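Student: Compute the structure for the input listed below.
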Amino acid sequence: MDGINLGLRCQDVHSGVRNVDPNSPLLSPLNDTRIIGMAATVAGLIRGRDVIQDGQALMTVAAAQLDVSMLSFDSVIRVLEDVDFVQGVQRTGGKITSFTENVPFYENLYERLGESWKERQPTEIEQQLLTVVDGLSGAPVAVEDIENKYGLDRADLTHVMEVAKGGGLIQVLSTTDGDIAYSPFFGFENPEVLTELVNDHGSGQLSDEFDAVRRHQGLAISKEQYPLISDAIARGLVMAPAVQLPGGNTQAFAALPYVPDKRLLTTHKAVLDKALTVLACLRCAEFDGGHNNLSQSALVSVINKLLDKNRGFLAPHSSHERQYNLMYRAGLIVFDPDSKPGGNWKVPRFVDTEDNRAALILARDLITHGEGVQTRVSDQDARSALDAGNAYVAPMQTMYRSRQSAIQDPKHFSQIFEAAMGRFV
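Tutor: Down below sits the predicted model:
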């Protein structure tokens, strides 16, 4: 693999093992890969911010939103220092207080971090794990063929598969013709191919449910209404960011993002991740009708309000810190002081970086499917649209949590995987 793919797959490994107990012995051979993966994730969060004025706040956000351990945060920043992605790091009492960022575009970001990973002399297990994850992200493979196809060491194969399956990086589908291994990133990185395979080789019900997601990106999913899409989410085939509702339940919103720039599914996935945060948050407002009743047009207007270069902020309000918490965690807004004399409320201001602007535009496109929808909403409506959720759950974590659910008959997917294996030979 080249440096770009190495850096990318390090980040993917971090995304997967976020589900695993950090004290699990499964993670002991993955230290270098996890640190580089965390570094890539934090770099995507801060790119375009120029100056990070509160390092401890960033550490808290990175832990809550990205599962970057607070104990690893200093090591992550040191990695970014070593590759010149951050400079002028200030520390007080051993704690990082501020620094400037110089994070490059994503291909350069992943290439440099991939080279850094190699310089750290990762374990044989780590090297083989990245090889398998990268390979299975391209196409499913019969389990019995993995060793020979990827040139793995037989002595390490069992451990590699144990770590990969434990972190959700590899899943196995049992069919009448044998077991098939695949990575969730196959579906995540090839939604159009997956949909085509479903339409050509899947059941009518599966095709209908996929079509429902395609027509309504960010579709609120329940096992009762969409059993096969729920199964596809649990199997790691369909992206489903989720939001924790005020009552404590978590609602998943399925997406099959069709994007004009395919890099958004791989090397620019940090932009897609932010767009999915916005999509899930706004769909949550639409789904939770008892909380507010904003139309699709109004959801689009919320995004337009933030994108407006002459505006980009909302008037002060006592509830802003609670209502915009998810957007803050994603690095999309910051809280400015109250602009009114004597005021002590917060002003949410859009962080107008290239990535954040692209993320909001992508979220808007996913909602409208390219249709121009124009309307106006008040600041109160905009606040309400972003007040529905308490916490965001990334697609890999939604997949992991859904695995406890009853899995449907594998026949719904076996023909699809067999077709995919033949297609990518």
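
Student: When you work out contacts or count neighbours from here on, use the C-alpha atoms and nothing else.
Tutor: OK.

Student: quick one: the helices in the stretch 51-200 of the chain?
Tutor: 55-66, 73-82, 106-119, 124-138, 146-150, 154-166, 184-189, 191-201 (DSSP state H, counting those that start in this stretch).

Student: Can you say which of those is packed in most?
Tutor: Stretch with highest mean neighbour count among the helices of the stretch 51-200 of the chain: helix 184-189 (a mean of 24; mean count of other CA atoms under 10 Å).

Student: Packing partners of it?
Tutor: With contacts defined as 3 or more CA pairs under 8 Å, 6 or more residues apart in numbering; DSSP states H and E, helix 184-189 has these neighbours: helix 124-138.

Student: Neighbours of Ile304, how many?
Tutor: If you look again at residue 304, you'll see it is Asn, not Ile. Residues lying near Asn304 (other CA atoms under 10 Å) number 20.

Student: and whichever strand or helix holds it, what's its mean pLDDT?
Tutor: Element membership for Asn304 (DSSP states H and E) is helix 296-307. Mean pLDDT, helix 296-307: 79.

Student: what about dumping the CA coordinates of that helix to CSV?
Tutor: What follows is helix 296-307 as a C-alpha-only set of coordinates in CSV (Å, rounded to 0.1, in the frame of the first residue of the first chain):
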residue,chain,number,x,y,z
GLN,A,296,-37.6,19.9,4.6
SER,A,297,-37.5,23.5,3.2
ALA,A,298,-37.0,24.8,6.7
LEU,A,299,-34.1,22.3,7.3
VAL,A,300,-32.4,23.6,4.2
SER,A,301,-32.9,27.2,5.3
VAL,A,302,-31.1,26.4,8.6
ILE,A,303,-28.1,25.4,6.6
ASN,A,304,-28.4,28.5,4.4
LYS,A,305,-28.5,30.7,7.4
LEU,A,306,-25.2,29.3,8.6
LEU,A,307,-23.6,29.5,5.2
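
Student: Quick check: which helices or strands does that helix pack against?
Tutor: Applying 3+ CA pairs under 8 Å, 6+ apart, one finds that helix 296-307 contacts strand 346-350, helix 354-368, helix 379-385.

Student: follow-up on the earlier one: which one of the helices of the stretch 51-200 of the chain has the lowest average pLDDT?
Tutor: Among those, helix 154-166 scores lowest, with a mean of 86.

Student: where in the stretch 201-350 of the chain is pLDDT low?
Tutor: Across the stretch 201-350 of the chain, the ranges flagged by pLDDT under 70 are 246, 287-295, 313-324, 338-345.

Student: those helices in it, which residues are they?
Tutor: With DSSP H, counting those that start in this stretch as the criterion, the stretch 201-350 of the chain has helices spanning 204-215, 227-234, 269-287, 296-307, 320-323, 325-329.
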